[in-house]
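Novice: got a sequence here, can you model it:
(one chain, ligands or ions: 1)
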Amino acid sequence: MLRDVLLQQFQARLQGLPLRVQTWRGDILEGAGAKVHLELHTPKALKVLTSPTMGGLARAYVEGLIDLKGKAEDILRLGQAFCRADACRTGKGSEAWKWWRHTRLRDRKNIAYHYDVSNDFYSLWLDKNRVYSCAYFEATEDTLDSAQEKKLDLICRKLMLQPGERLLDIGCGWGGLILRAAEHYGVQATGITLSQNQHDYVQEQVRQRGLQGKVEVRLMDYRDVPEDIGYDKIASVGMFEHVGRRNLRPYFDKIARLLRPGGLVMNHGITSVALNSKGLSSGISEFVEQYVFPGGELVHASTVMQEMAAAGIEPLDAENLRPHYGRTLWEWVNRLEARETEAIRMIGEKRYRIWRIYMAGSAFAFDNNWLALFQILGGKPDAAGRQVYPFNRRHVYAT
Ligand SMILES: C[S@@+](CC[C@H](N)C(=O)[O-])C[C@H]1O[C@@H](n2cnc3c(N)ncnc32)[C@H](O)[C@@H]1O
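Specialist: Numbering: from 1, shown residues only. This is a model prediction of the structure:
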């Protein structure tokens, strides 16, 4: 019978893996020294497991065909060995994305899908400032809270924020950067987001902290920001992954028009390690597109610099924070798992599983050098080509 053949093929793949498997009939297939328990809830799961991909396993878990119990790190390591997916960084993923996907309406829907899940859910496992991007673990003893504050400060120092300057934060999330920049660096800050929940939360923070007139948040697409102001500094943190490969040129053109001559921009975001921008293989990109970040796209850091330069913004500094994002994501996963019951009550089992597996998978991808995180600082020279930037980096590291 086909089912028995599939079961045999599956068993052959298990050889030597520390995995305990329980089938829907209650049979136990014991691997040596099992660290992870895999439950097959239905014979349908066998189809996924006989020619497995990382994305296929994630989908089966999210859809409830299988259950995975154990430490998220062990699950990912086993998944990789089981799928024999050593080369996910090679960029053989889907090319399904198309430029017309990034209409304003579609982007707004995509953002709402991911960010408007529930503010309470995000507050369960993010740091106290609700920063949803890579932290900066400057010292080994840093906690998530301190590492996120250090990241915000690192960006403020790289941008050389001065009191009275105008700062625009494109994709401001729950306001961590604009609130800190206004309170600690004295800038006039404007944040934009496409998420209604984030917008409402930041507005309430501005009111509670008495920052009216100093911090403004707007529910707005970056393409619609009025160009008559001339910002001294612009930040975009964990946002440009939503822009789309083909929109990077107009995105940086827009930034160049918003920035006054001599101004600085910090583009902080996830980049691919593969040069060809095709996405991670083993079905990972397809899973992320369907369940996590519809419309998200990654490019190599060199492409970011190229597109920046084409818009007349001079790349001044680039730092890869890859290990910091691995650590940040493991912190998020551990904190989410510790609050599993509340999380499921708030957003339901399926969405809990999506966030758990995508964050653990992303942590694994950073640890394995499949993904990178680049802070790229650029400056807009004045008409004579001048860009006032120090001859050293003391302003960044001497605190
Ligand atoms: C991963 S969050 C990062 C939030 C914040 N910068 C942080 O570090 O916590 C991405 C942000 O980009 C915003 N975003 C995505 N696409 C956007 C667009 N087209 N226009 C404006 N904001 C956008 C989202 O609304 C969200 O606030």
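
Novice: remind me which residues of the protein are low pLDDT?
Specialist: 1-2, 84-101, 277-279, 399 (pLDDT under 70).

Novice: show me which positions of the lengthiest helix in it end up buried.
Specialist: Secondary structure of the chain per DSSP state H: the longest helix is helix 349-367. For helix 349-367, a neighbour-count test (16 or more other C-beta atoms under 10 Å) marks 351-367 as buried. For every residue, glycine as well, the C-beta is placed using N, CA and C.

Novice: for stretch 37-54, same thing?
Specialist: Quick answer for stretch 37-54 (16+ other C-beta under 10 Å): 38, 40, 45, 46, 47, 48, 49, 52, 53, 54.

Novice: what about the helices in the stretch 101-250 of the chain?
Specialist: Secondary structure of the stretch 101-250 of the chain (DSSP state H, counting those that start in this stretch): helices at 104-115, 119-125, 144-158, 176-185, 196-208, 248-258.

Novice: okay, those, which one's buried deepest?
Specialist: Of all these, helix 176-185 carries the top mean neighbour count, a mean of 22, counting by mean count of other C-beta atoms under 10 Å.

Novice: does the ligand sit close to that helix?
Specialist: Yes - residues of helix 176-185 are located near the ligand by C-beta under 6 Å from any ligand atom, namely residue 176.

Novice: quick one: contacts of the helix or strand hosting residue 10?
Specialist: Applying DSSP states H and E as the criterion places residue 10 in helix 2-14. With contacts defined as C-beta atoms under 8 Å, 6 or more residues apart in numbering, helix 2-14 is touched by 21, 23, 29, 31, 43, 46, 47, 49, 50, 52, 82.

Novice: list the contacts for the last one?
Specialist: Under the criterion of C-beta under 8 Å, 6+ apart, the contact partners of residue 82 comprise 13, 14, 17, 19, 52, 57.

Novice: just the element for it, please.
Specialist: helix 72-83.

Novice: quick one: contacts for the residue nearest to residue 265 when sequence neighbours are not counted?
Specialist: Nearest residue to residue 265 in three dimensions, chain neighbours excluded: residue 234, at 4.3 Å (C-beta to C-beta, 6 or more residues apart in numbering). By C-beta under 8 Å, 6+ apart, residue 234 lies in contact with 167, 168, 169, 170, 255, 258, 259, 263, 264, 265, 266.

Novice: out of those, which are inside strands?
Specialist: Using DSSP state E, 167, 168, 169, 170, 259, 263, 264, 265, 266 are the members of the contacts of residue 234 that sit in strands.

Novice: before we move on, the earlier item: return the member of the contacts of helix 2-14 nearest to residue 293.
Specialist: Within the contacts of helix 2-14, distances to residue 293 taken as C-beta to C-beta reach their minimum at residue 52, with 22.7 Å.

Novice: wait, that closest one touches residue 81, no?
Specialist: No - if you go by C-beta atoms under 8 Å, residue 52 and residue 81 don't touch, sitting 10.6 Å apart.

Novice: what does the chain put close to the ligand?
Specialist: Counting by C-beta under 6 Å from any ligand atom, the chain sits next to the ligand at 107, 111, 115, 131-133, 170-173, 176, 192-195, 198, 221-222, 237-239, 242.
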